[in-house]
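Asker: Sequence plus predicted model, see below.
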Amino acid sequence: MSAAARNAGWRVFWDAYMRAAIAIWAIFLCGICVMVYRAPDSHTVTPVYRWAVHAWFAREPLRNAAWHYFPQFVFFFMPFYALPQPWCDIAWRIFSTAVFVGGLWRLLRLLPVESSRV
């Protein structure tokens, strides 16, 4: 693919629909972060993640009725555990949303630009 065709594809990709989609994602993420800041332990599983990291540091077994994850997940959540309570959950949500959107972005880049619009 030539550079001109690639640049034309980016211009088509960054049209008003894409900007609107990014704005909607950002609005929802900001709303969720505000809800998490107001009530960090409400409607979430991150207390289980924090418990698992705490149990790992205390050298306790990771057997709990709510723990359904691979033990390696503890290492993945450890950097967020170091943050204070509401900021830990907010940073986790921003990070996990970024990973999800990044995966969608990579998936969409596999599609040809001509067929990505209906």
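Answerer: That came through fine.

Asker: Look at residue 60 and give its secondary structure.
Answerer: coil (DSSP: H, G, I helix; E, B strand; the rest coil).

Asker: Burial check on it, number of neighbours?
Answerer: By the measure other C-beta atoms under 10 Å, the count of residues near residue 60 is 12. The C-beta positions use only the backbone N, C-alpha and C, and glycine is treated the same way.

Asker: which residues touch stretch 70-90?
Answerer: Contact with stretch 70-90 is made by 33, 36-37, 40, 44, 46, 49-50, 52-54, 56, 62, 91-92, 95, as judged by C-beta atoms under 8 Å, 6 or more residues apart in numbering.

Asker: Tell me the one of these nearest residue 27?
Answerer: Using C-beta to C-beta, residue 33 comes nearest to residue 27 of those, at 10.9 Å.

Asker: The closest residue to that closest one other than its chain neighbours: neighbour count?
Answerer: Excluding the flanking residues, the one nearest residue 33 by C-beta to C-beta, 6 or more residues apart in numbering is residue 90, at 4.9 Å. Residue 90: 20 surrounding residues under other C-beta under 10 Å.

Asker: Please tell me the pLDDT value assigned to residue 90.
Answerer: Confidence at residue 90, expressed as pLDDT, is 94.

Asker: The chain should start at 54 in everything you say after this.
Answerer: Got it, the first residue is 54 from now on, which makes the last one we talked about residue 143.

Asker: State the three-state secondary structure for it.
Answerer: helix.

Asker: Please apply the same query to residue 132.
Answerer: helix.

Asker: Make a PyMOL selection of the buried ones in the contacts of stretch 123-143.
Answerer: Here is the PyMOL selection string for the buried members of the contacts of stretch 123-143, based on 16 or more other C-beta atoms under 10 Å:
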select buried, resi 86+89+93+99+102+103+105+106+109+145
